[in-house]
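Novice: Next input, structure requested:
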Amino acid sequence: MSQATRVPQEERTRAMRARLLDATVELLAERGFAGTSTTLVSQRAGVSRGAQLHHFPAKNDLVVAAVEHITEARGEALKEAAGALSEGGRRTRHVLAMLAEQVTSPVFAAALELWVAARTDEQLAAAVGPLEQRIGRELHRATVELLDVDESKPGVRELVQATLDLVRGLALADTITDDAARRERILDHWAEVLERELQ
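Specialist: Numbers count the residues shown, from 1 in each chain. Next up, the predicted model:
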């Protein structure tokens, strides 16, 4: 098989996998873990069941890969948004807004479904645990860079982690009811706390 023949097939395979992973995240966010099936995923993605099973033989393989796929894409989007941040006033508040957007997306809802399901599913927990740890480390590192702080100073690491815990908690509250107004007030106040404590 020539290189010219292989490349389009590789591109088609990559595009098909991306459709499967995108469809999985959509269904997790809409229907939850229990309501997401490989059959529904293949239907939504417009991919045959055989092709879907070839790439992802089990539901757990599919959902973990999907959350990792979309989280990486959102991480890239976060980097792009960070590059557009101004250095002037209210930078800390803008960083908090970016972080809040990161964890109030459909990806967060999909990940939340995985966390809950993994609590009672050892196989899923074994896959989700390391993924969540890696994502958590990457988000922490990005936050340190965005806030432009020195973690070697006492208390800074804890403030960064408290910030991430805060935005995740606010996002969790938002899954039940629209909590945007309260979230904005809390983030306004927290930005003031961070600016005072981190300067």
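
Novice: Buried residues, the one helix or strand residue 22 maps to. List them.
Specialist: Under the criterion of DSSP states H and E, residue 22 resides in helix 3-31. For helix 3-31, a neighbour-count test (16 or more other Cβ atoms under 10 Å) marks 16-17, 19-29 as buried. C-beta here means a position set from N, CA and C on the backbone, and glycine is covered the same way.

Novice: Show me what that helix is packed against.
Specialist: On a contact count with 3 or more Cβ pairs under 8 Å, 6 or more residues apart in numbering; DSSP states H and E, helix 3-31 meets helix 38-45, helix 49-55, helix 59-83, helix 106-118.

Novice: In JSON lines, list these along with mean pLDDT.
Specialist: Shown next, in JSON lines, are these (pLDDT from 0 to 100):
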{"stretch": "helix 38-45", "mean pLDDT": "94"}
{"stretch": "helix 49-55", "mean pLDDT": "89"}
{"stretch": "helix 59-83", "mean pLDDT": "80"}
{"stretch": "helix 106-118", "mean pLDDT": "84"}
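
Novice: Mind putting those into JSON lines with mean neighbour count and distance to residue 8?
Specialist: Shown next, in JSON lines, are these (neighbours: other Cβ atoms under 10 Å; distance: least, Cβ to Cβ, whole Å):
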{"stretch": "helix 38-45", "mean neighbour count": "18", "distance to residue 8": "19"}
{"stretch": "helix 49-55", "mean neighbour count": "14", "distance to residue 8": "16"}
{"stretch": "helix 59-83", "mean neighbour count": "18", "distance to residue 8": "22"}
{"stretch": "helix 106-118", "mean neighbour count": "20", "distance to residue 8": "30"}
